[in-house]
Structure formats: structure tokens, C-alpha cells
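S.K.: From the sequence below, what's the structure:
(2 chains)
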Amino acid sequence: MRALDPRLWTPLAVACAAAPAHATRYLSVEQAQRVLFPTADAFAPAPLPGARAWAASSSGTLLGHVLVDEVVGKHELITYAVGIGTDGAIRGVEILDYREPRGGEVRDPRWRAQFVGKRRGSALRLDEDIQNISGATLSCRHVTDGVRRLLELYSRSPKNR
Amino acid sequence: MRTRARPLLGTLVAIRAEATDAAIDAAFEAIARVHRLMNAHSDAGDVAAINAQAWRRPVTVDAWTFRVLAMALRVGRASGGAFDPTLGRGATYEDIVLLPGRRVSLRRRARLDLGGIAKGFAVDRAVEVLKRSAALAGCVNAGGDLRFFGEAPQVARVRLPSEPSLSVALTTARERAFATSGSYFGGRHVDARCGRRLRLQCSITVGAASCMVADALTKAVAAVGPVPGLLARFRAQAYLVDGQGTIHAPRR
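M.R.: Coordinates of the predicted model:
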């Protein structure tokens, strides 16, 4: 392929060690509650069968619910929160945690060794931030499916009708 | 510094910014608006309307869609068609005609897919919203298309094509956007001597002032290589990361 023709590219003098990616905590449950219902002054546990849930209220008036759930994708584990208003409409979806399990190869010291020492003093380190990483094709399909499941769960719960 | 993420544009969009939650909400909303306007797979929105009608009569589109189409044509022309937002049946970017009054027509029945450029544009709009709300610094990352803003330099990392759970530090930059070609190259090569699969995959990343330009150029460079005139015209840089994690720059 022409784009990869070695005559077009030259290796940079300094190659950097690879860092295992990625676990990011975006919001705690409490922070997500406040983001989804900024005007609420109380969040009372109101568990649903199949999800953690809280009832958001302001001066005793019910505003809606916050549901927290996890989905497991092919390469990732995502905890997310959904805000649902009293009208049953979604107020917002926020990611709380994103984790990628280490692949088998990453644990293999022989494979890791090829990256070690390429730059003096740069040992492999845990990268706790997915923020600045390009080339990440993360699918959110599992989250979309999960949100649909939670809406279904919510609408079937008698006390929310 | 606040970090939040939402499922948008079919991926995970993360925003880290010194900003209020309301400002970050507004930035996410700008991204959602780009998705509504330019998602080729939805029945509503400008791209769906163009695909359905623009070959018969001009379609009036939103100013955002018009800007993305104008840049798509610029990159299409500058790359000799290596970047092309049209799909199928002999259609090319030259079949897209932009008319006064934000109207778009097609010279033939073609399908547009702005997936190769709209994600970058969405990142740019989110950064604009954050800056307008007086956010000082941060990063917007839409599934790997990212843009830094603020005074302090930040490190751009790229996933290894051979082992996506690892990343390498590509470069340090401020007020800069980076996009990496989504598909990895080289495929599966087999060492004929032992039958073992070789890792020959590479990825290509482009850095530019706007994420829209970086997004479109990374597709062009992946197709035709780091053509110097093309990169210079958009004040962009290209990088190749190979399966060993070694970073390559275009040979001068």
C-alpha cells in the first residue's frame, strides 16, 4: 500500500515506551446525580430490580430518577448513569467509569520488554487517563443497549407510573 | 478540572475542562447537534435530506453542514480525491455543488457520508462552546479525534495498532487537534518460513489546528501517503505508528 511505502516515512530518533491504557473515573454516583438533576436537593435510594436507582427531589417534589448500571463490551467495562424525568423521558446519560481489562499479551513480560528502555528513564507506567489518546475506536453500542434496557425496566416498575 | 463522558456520535465522547457543568452540558449538546444534522443513517437531518433529494433539486442546509461540506470539497480537491465523502456507483466529491444561500445539489444520484469529517467538526464546536464559556484549558476527545485548548502544552498519545490497549506518546502540543485513521493497515501477513502471523499493522495520525481538518486529512494520508504539498497547505503534520510502537514522520 502506497501510504505505507517505507520511502515516504522515516523513524523518529526517539521512540517512546508504551503505557498500558486505560481506566478513567469520570464521575462518582453523587456527582452524576447532581449533573443529571442540578436543581434537586435530595437523592433517596429507590432500588429497581436489576439496577441501582435513586429518586431525585426538590423540596419534597419528585423530579425523576437516577439509574446506575454497568455494561461489559468486547474490550471494556463501562459504568453509566441515566437520568429519567417524571414524564419518563431521558434527561441525560453520563459515563461514570471506563475500564479496559489488560489483554493477555500486555501481561506477557517478553512482549512488554520490546518497549522497555527505548527511551531512557521511561518505564512502563499506568496511564490513568484516556483523555489524550487518539486512535481509540470505542463503541458505545453497549451503553445504548443498556440505556434501552433501563428505560424498559423503569417503565415496568409500578411505582414510577 | 472536570472530566465527563457521554455516549455520542456512536462512540464515547470525553470532555476534560476547567469549566462549569453547564458549560460542559452545552459542549455535549453542540456535539449532539452535529450528530443530528450530519448522521447519514438517520432519517432526519441534512445529510439524509441531501441523499434523498439533492440530485433532483437543491436542498437548503444548516450553516454547520454547509461549512463541513465546504471543507470536505477543499480536502477532496487538494488530495486529488483521496478524501471523498461520496459513496458508490462512480460518484465523486466533484458531484457535490454548493450554491449561494446554503443550498446543496448533486450532479448525479449519489450518497454522502460525512463520517470521515463530521466527528472532527463536532469536536471543534465543543471546544468553541467551552472557550466561549471562559473555560481556560482542556481537551475534547470523540473516540480518538481530539483537540487540546489552553495555554499549557498537552501530550497526545496514540493507541498501538497492534495492541490497542497500549499507547505511545506521539507529541506535545497546545491548541492542536489530532485524528487517527480508524482502520489499521497491512492486514494479516504470514511469515512463510514458520507460518506465524506477523504484526505489520500501522496507523496514521494527522495533527492540525482544527479537528475537522485533522479528521479529513488522516483519511487522505492513509490512502496516498504523506504528500508534502497536501500537508503544508493545511499546516498539518502526519505520523505513522507501526506495530512495534515506533513513530515515523514523513521523509523530507
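S.K.: which residues does residue 5 contact?
M.R.: If you meant another chain, say so; for now it's chain A. Listed by Cβ atoms under 8 Å, 6 or more residues apart in numbering or on different chains, the contact partners of A:Asp5 are B:Gly225. For glycine as for every other residue, the C-beta is placed from the backbone atoms N, C-alpha and C.
S.K.: Chain B is the one I meant
M.R.: So B:Ala5 contacts A:24, A:26, A:94-95, A:98, B:12-15 (Cβ under 8 Å, 6+ apart).
S.K.: could you point out the longest strand in chain A?
M.R.: The longest strand of chain A (DSSP state E) is strand A:61-72.
S.K.: Any part of that one near chain B?
M.R.: No: using Cβ under 8 Å from any Cβ of the partner chain, strand A:61-72 stays clear of chain B, coming no nearer than 10.1 Å.
S.K.: so where's the chain shaky on pLDDT?
M.R.: The chain I'm using is chain A. Applying pLDDT under 70 to chain A picks out residues A:1-2, A:13-22, A:73-75, A:100-139, A:158-161.
S.K.: um, chain B though
M.R.: Short version for chain B, where the test is pLDDT under 70: B:165, B:182-200.
S.K.: Tell me which stretches of chain B form helices.
M.R.: Applying DSSP state H to chain B gives helices spanning B:21-38, B:46-53, B:63-78, B:118-132, B:211-224, B:228-233.
S.K.: who touches the shortest one?
M.R.: Outside helix B:228-233, the residues that touch it by Cβ under 8 Å, 6+ apart are B:78-79, B:206, B:217, B:220-221, B:224, B:237-238, B:250, B:252.
S.K.: Nearest to B:Pro58, out of those residues: which one, please.
M.R.: Nearest to B:Pro58 among the contacts of helix B:228-233 is B:Ala78, at 25.0 Å by Cβ to Cβ.
S.K.: In contact with that closest one, which residues?
M.R.: Contacts of B:Ala78 (Cβ under 8 Å, 6+ apart): B:220, B:230, B:233-234.
S.K.: What distance do you get for A:Met27 to chain B?
M.R.: You called it Met, but residue A:27 is Leu. 6 Å (Cβ to the nearest Cβ, to the nearest Å).
S.K.: Neighbours of that residue, how many?
M.R.: 23 (other Cβ atoms under 10 Å in any protein chain shown).
S.K.: Am I right that it is in a strand?
M.R.: No: checked against DSSP: H, G, I helix; E, B strand; the rest coil, A:Leu27 lies outside a strand; its state is coil.
S.K.: before we move on, back to that, in a markdown table: the contacts of helix B:228-233, plus distance to A:Ser58.
M.R.: Compiled in a markdown table, the contacts of helix B:228-233 are given as follows (distance: Cβ to Cβ, whole Å):
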| residue | distance to A:Ser58 |
| --- | --- |
| B:Ala78 | 54 |
| B:Ser79 | 54 |
| B:Val206 | 48 |
| B:Leu217 | 49 |
| B:Ala220 | 52 |
| B:Val221 | 52 |
| B:Val224 | 58 |
| B:Gln237 | 51 |
| B:Ala238 | 52 |
| B:Pro250 | 58 |
| B:Arg252 | 63 |
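S.K.: buried subset of these?
M.R.: B:78-79, B:206, B:217, B:220-221, B:224, B:237-238, B:250 (16 or more other Cβ atoms under 10 Å in any protein chain shown).
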